[in-house]
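> Show me how the following folds:
(one chain, ligands or ions: 1)
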Amino acid sequence: MNKNDICEIIIEDMGKDGEGIGHVDGMTVFVKDTVVGDRATVKVMKVKKNLAYARLMEIREPSPYRVTPICEKAVQCGGCTLQHISYEKQLELLQNHVKNCLTRIGGLKDAEALMEPVLGMEEPFHFRNKMQFPVGTDRDGTPQLGFYAGRTHSLIPLSDCPVGHPVNRVILQAVKEYIREAHVPVYDEEKHEGLLRHVLTRVGFGTGQVMVCLVVNGDRLPEEDLLVEKLRTAVDGTPVERTFEDGVISDRTPGNGTGKERPQDGRPLRLASVCMNFNTEKTNRILGFHSRVIFGTAVIEDTIGDIRFEIAPESFFQVNPVQTGKLYGKALEYAGLTGEETVWDMYCGIGTISLFLARKAKKVYGVEIVPQAIGNAKRNAELNGFQNTEFFVGKAEEIVPKLYAEDPDRYRADVVVVDPPRKGCDSELLSTIASMSPKRLVYVSCDPATLARDIAILSKEGFVVEKVATVDMFPHSMHVETVVLLNNKFAKVKDFVQIGIDAEDYYRIKDSEKDTDE
Ligand code: SAH
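Numbering: from 1, shown residues only. Sure thing, here's the model as predicted:
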């Protein structure tokens with residue numbers, strides 16, 4: 001096979017980034033924008049030893065799983081990679097991806113048997129409570145807000161996004177007008193010049209509170225009052241929902257909810273916070289470390305179930321409120337708390353999972369690296385009247401070993417919950433968790449590959465996977481959240497080990513007890 005060859009291919013499988021996979025002349029070929037079941041003509045773009053990348057030229061016979069994307073920019077935009085695939089099929093792909101990681105990387109023999117049915121959405125649109133729009137210029141030099149094209153930093157102008165809240169449309173419009181009227185210089189990534197870099201929006205689906213945060217390469221913006229006025233006019237009283245029925249988009253005003261699972265039904269929107277975040281570094285990181293309030297409050301509030309949370313712009317908060325409820329519900333179920341346990345919530349963010357756990361536990365410790373998030377976590381515990389939580393700022397892999405070494409009784413763990421970023425848990429932390437010997441470990445993960453890697457490490461320490469739940473937190477993409485319950489088969493052994501009986505003996509003793517008991 002050579003570059004520029006034109007060939008026909010049948011797509012047999014999907015890759016982890018949503019690309020179709022087929023075979024030609026014994027080579028594995030990856031083709032973006034195809035769907036399993038497609039027969040297509042493709043052009044080979046790049047050839048490696050056993051694999052090749054090709055570009056879709058023509059669909060000869062469409063897959064039965066193909067659908068027309070709702071967003072007309074879906075193909076160019078790097079955000080949704082699966083919008084052209086039926087939602088049911090998307091869920092199947094996610095479940096398979098998790099299963100494959102657990103089997104191939106995690107070494108689980110019976111992954112499929114341990115997996116619960118995937119938790120998808122009833123209406124997989126308008127679910128995101130947070131959007132980050134890069135600001136730049138189009139080919140004519142006109143300022144634009146939009147999204148990056150897949151794997152690049154070329155800007156695709158957007159006036160709306162069907163996975164975000166409908167209020168983004170009026171926010172984008174207002175910011176564009178402000179840029180024009182106040183002559184705001186927009187940021188040029190290559191030259192590291194200009195002022196306005198990104199616009200971040202957050203909507204409290206449970207409260208109707210809206211935050212708009214402008215990320216600037218500098219320390220001020222011109223005519224801040226004009227910005228606030230435009231945003232207030234745009235946001236306050238805007239319709240809260242939009243529906244897609246038979247391809248027709250319509251806005252709905254508050255109060256006439258359909259009874260579907262959207263938490264914001266019936267709550268009018270209100271601009272609660274406009275802030276400016278300072279990021280003067282030449283970096284791909286969107287947010288800088290500090291923000292200033294221009295209007296309203298420094299945080300917005302949202303609810304998950306009946307717990308209320310304050311969220312700062314720098315803090316992590318799950319982006320899909322409907323699915324977050326399901327995810328945390330699973331984490332809580334797997335934690336199996338009775339009210340007597342001491343629980344560690346590692347990588348706790350603003351204390352969301354911690355507070356759900358705190359309701360059913362004796363004590364919950366949380367640890368998180370972002371100071372603003374820990375500020376939010378402490379305040380959130382107070383706001384909701386919890387007195388059995390304690391939060392620490394720092395790297396989990398440094399704080400937990402230190403505290404546990406200082407006072408192993410106080411900082412013990414009956415149950416540990418971890419919810420790390422994509423790179424997974426630090427190995428230092430995993431060995432500390434093993435030495436803390438909790439009964440159960442609940443691993444919440446946003447990357448099944450690193451989850452599976454960590455499971456393989458933990459299985460050497462006696463942790464056994466009992467159950468796996470897959471939650472579609474990001475419909476139309478291959479990103480997926482997974483919750484895994486691991487039981488620790490050495491947990492009860494700890495005291496015996498200390499007096500010199502090793503785990504195998506313990507199990508022999510236990511087994512013989514069992515024989516006589518039964
Ligand atoms: N459990 C929370 C947050 C999960 S996201 C929730 O559901 O909302 C992962 C979190 O880990 C982020 O808040 C991130 O800031 C934090 N983090 C990243 N690296 C960390 C580290 N080394 N130690 C502690 N926290 C870390």
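
> Quick check: which element contains Lys46?
Secondary structure from DSSP states H and E places Lys46 in strand 39-47.

> For the ligand, give me its nearest residue in the protein.
Nearest residue of the chain to the ligand: Gly349, at 2.9 Å (Cβ to the nearest ligand atom). To be clear about C-beta, it is placed using only N, CA and C from the backbone, and glycine gets the same treatment.

> any idea whether the spatially closest residue to that residue that is not a sequence neighbour is helix, strand or coil?
In space, and not counting its chain neighbours, Gly349 is closest to Phe316: 4.4 Å by Cβ to Cβ, 6 or more residues apart in numbering. Under DSSP: H, G, I helix; E, B strand; the rest coil, Phe316 falls in the coil class.

> Could you check the strand holding Lys46 and say which residues are buried?
Arg39, Ala40, Val42, Val44, Val47 (16 or more other Cβ atoms under 10 Å).

> Could you dump those into CSV with pLDDT and distance to the ligand added?
Converted to CSV, those look like this (pLDDT from 0 to 100; distance: Cβ to the nearest ligand atom, whole Å):
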residue, pLDDT, distance to the ligand
Arg39, 98, 41
Ala40, 97, 38
Val42, 97, 38
Val44, 97, 39
Val47, 96, 38
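
> if we can go back for a sec, what residues does the residue of the chain closest to the ligand make contact with?
Applying Cβ atoms under 8 Å, 6 or more residues apart in numbering to Gly349 gives the contacts Ser315, Phe316, Phe317, Glu368, Val370, Ala373, Ala377, Asp419.

> what about 6 Å?
Phe316, Glu368, Ala373 (Cβ atoms under 6 Å, 6 or more residues apart in numbering).

> In space, what's closest to the second one - neighbours in sequence excluded?
Across the structure, with Cβ to Cβ, 6+ apart as the measure, the residue nearest Glu368 apart from its sequence neighbours is Cys348 (4.8 Å).

> what's the answer for Thr207, then?
In this structure, Thr207 finds its nearest non-sequential neighbour in Glu301, 5.1 Å apart by Cβ to Cβ, 6+ apart.

> Quick one: residues contacting Ser86.
Ser86 neighbours (Cβ under 6 Å, 6+ apart): Tyr65, Val67.

> give me the element the residue lying closest to Ala111 once chain neighbours are set aside is part of.
Leaving aside its sequence neighbours, Ala111 sits nearest to Leu102 (Cβ to Cβ, 6+ apart; 4.1 Å). Remark: Leu102 resides in helix 87-104, with elements defined by DSSP H and E.

> Quick check: buried residues in that helix?
Quick answer for helix 87-104 (16+ other Cβ under 10 Å): 87, 89-95, 97-102.

> just how off-centre is that helix within its chain?
17 Å (Cα atoms, centre = their mean, to the nearest Å).

> what do you get for stretch 129-138?
18 Å.

> ok, now stretch 297-316?
Taking Cα atoms, centre = their mean, the mean C-alpha location of stretch 297-316 is offset from the chain mean by 16 Å.

> ok, now stretch 178-187?
How far stretch 178-187 lies from its chain's middle: 32 Å, per Cα atoms, centre = their mean.

> Can you report how many residues neighbour the closest residue to Val163 other than its chain neighbours?
Using Cβ to Cβ, 6+ apart and skipping the chain neighbours, the partner closest in space to Val163 is Arg128 (5.2 Å). Counted with other Cβ atoms under 10 Å, residues neighbouring Arg128 total 23.

> list the contacts for Arg128?
Per Cβ under 6 Å, 6+ apart, neighbours of Arg128: Val163, Gly164, Val319.

> Just send the residues you listed back as CSV, with secondary structure and neighbour count too.
Listed next are the contacts of Arg128 as CSV, based on DSSP: H, G, I helix; E, B strand; the rest coil; neighbours: other Cβ atoms under 10 Å:
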residue, secondary structure, neighbour count
Val163, coil, 23
Gly164, strand, 24
Val319, coil, 17
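
> quick revisit: could the buried residues of helix 87-104 go into JSON lines alongside pLDDT and distance to the ligand?
What follows is these, written out as JSON lines (pLDDT from 0 to 100; distance: Cβ to the nearest ligand atom, whole Å):
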{"residue": "Tyr87", "pLDDT": "96", "distance to the ligand": "24"}
{"residue": "Lys89", "pLDDT": "95", "distance to the ligand": "28"}
{"residue": "Gln90", "pLDDT": "96", "distance to the ligand": "23"}
{"residue": "Leu91", "pLDDT": "97", "distance to the ligand": "21"}
{"residue": "Glu92", "pLDDT": "95", "distance to the ligand": "26"}
{"residue": "Leu93", "pLDDT": "94", "distance to the ligand": "23"}
{"residue": "Leu94", "pLDDT": "95", "distance to the ligand": "19"}
{"residue": "Gln95", "pLDDT": "96", "distance to the ligand": "21"}
{"residue": "His97", "pLDDT": "94", "distance to the ligand": "20"}
{"residue": "Val98", "pLDDT": "97", "distance to the ligand": "18"}
{"residue": "Lys99", "pLDDT": "97", "distance to the ligand": "23"}
{"residue": "Asn100", "pLDDT": "95", "distance to the ligand": "24"}
{"residue": "Cys101", "pLDDT": "97", "distance to the ligand": "19"}
{"residue": "Leu102", "pLDDT": "98", "distance to the ligand": "21"}
